[in-house]
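Colleague: Sequence plus predicted model, see below.
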Amino acid sequence: MVALYGLTEESLYRFLGEHGNSRVKRQLLLFWGMHPKAKFSMLALRCAVDCSRLDMKMALRSMIEEGLLDTHIYNDVPLYSLTRNEERRRPVLELAALGWDQWLLMRKRIKQKINQLVPATSSL
């Protein structure tokens, strides 16, 4: 894996495991990696990610609390953007720079690590 911003593969795994813990959040991370300087309304983001209003609200709230997103109010409408904090932006941009095959491999490895950490439950 090529590290564009000096991040290791392991640090990207940790970042994605910590901040990409739902489908909506993973898609938002990739979306903002491709549009790092843009601001979007919740409606625009829901159309881009194709999710419910509740799922989007929960993901946005979580990502704001995690310091990944900034909120801007224009004409009483909240707009959301990737944070200007370079340390928090870097992993998002690196994830977006991955090729599709690298992205799928990373997701597969994360699932394997999760399965190793969570013992299989026996069925009765």
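Modeller: Nice, thanks for sending it over.

Colleague: residue contacts, residue 37?
Modeller: 81, 82 (CB atoms under 8 Å, 6 or more residues apart in numbering). The way it works is simple: take the backbone N, C-alpha and C, and place the C-beta from them, glycine included.

Colleague: And it, how far from residue 81?
Modeller: Note on residue 37: its distance to residue 81, by CB to CB, to the nearest Å, is 8 Å.

Colleague: same deal with residue 11?
Modeller: Counting by CB to CB, the gap from residue 11 to residue 81 is 23 Å.

Colleague: Now for residue 84, which secondary structure element holds it?
Modeller: Counting by DSSP states H and E, there is no helix or strand that carries residue 84.

Colleague: Please name every helix or strand in contact with the worst-scoring helix or strand of the chain on mean pLDDT.
Modeller: Of all helical and strand segments in the chain, the minimum by mean pLDDT, DSSP states H and E falls on helix 100-117, at a mean of 73. Where contact means 3 or more CB pairs under 8 Å, 6 or more residues apart in numbering; DSSP states H and E, helix 100-117 is packed against helix 9-19.

Colleague: in this protein, which spans are helices?
Modeller: Ranges of helices in the chain, per DSSP state H, are 9-19, 23-34, 42-49, 53-65, 86-97, 100-117.
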